[in-house]
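# when you get a sec, could you give me coordinates for this:
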Amino acid sequence: MSFNILEITNKTGDINKNFSYVDGEVCKTSNAQVYDASFRELTFTTLEEFDLYITSNLQSNQAICLGKSKHNLTAGTLLTKGREDLSKGIISRTNDYLGVQS
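Alright, predicted model coming up:
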């Protein structure tokens, strides 16, 4: 068994959620502002290998995408919709450019 993910690295800061406890309630705030990022495809052969990656390597400015480039790119740049340029490896996080694995 092997499977791929896309690792997304945000160039403008963290892309995670902040949790706080206010007045007896858990509050969640997202700070995921991804409009300038890089991506690369990673392949894992075991769930243990994937678990080690998630727990040891993933940084606060990174996220994973459980899909792949529809245009067979294994690395490149993620920008906002309308700024894509496949000849330069620039795509957006839209269904036009990202899809599920087959």
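
# please count neighbours and contacts with C-alpha atoms only from this point.
Fine.

# wait, what's in contact with Phe3?
Thr43, Phe44, Thr45 (CA atoms under 8 Å, 6 or more residues apart in numbering).

# in these, which residue is surrounded by the most others?
Of all those, Phe44 has the most neighbours under the rule other CA atoms under 10 Å, reaching 15 neighbours.

# list the contacts of the most far-flung residue of the chain relative to its centre.
Relative to the centre of the chain, the most outlying C-alpha is that of Asp23, 32.9 Å out, by CA atoms, centre = their mean. Contacts for Asp23 (CA under 8 Å, 6+ apart) come out as none.

# where does pLDDT dip in the chain?
Applying pLDDT under 70 to the chain flags residues 102.

# helix, strand, or coil at Tyr21?
Under the three-state scheme (DSSP: H, G, I helix; E, B strand; the rest coil), Tyr21 adopts strand.

# okay, now it: neighbour count?
When counting by other CA under 10 Å, one arrives at 9 neighbours for Tyr21.

# which residues touch Gly82?
Going by CA under 8 Å, 6+ apart, Gly82 touches Ser92.

# shouldn't it be within a strand?
No. Gly82 sits outside any strand when classified using three-state DSSP, being coil.

# inside strands: which ones of the contacts of Phe3?
Counting by DSSP state E, the contacts of Phe3 place Thr43, Phe44 in strands.

# and of the contacts of Phe3, the nearest to Ile8?
Minimum distance to Ile8 across the contacts of Phe3 is 14.0 Å, recorded for Thr43 (CA to CA).

# the closest one is in contact with Glu7, isn't it?
No. Applying CA atoms under 8 Å, one finds Thr43 not in contact with Glu7, separated by 10.4 Å.

# which one is Ala63 nearest to, not counting chain neighbours?
Among residues not flanking Ala63 along the chain, Ile8 sits closest, at 5.2 Å (CA to CA, 6 or more residues apart in numbering).
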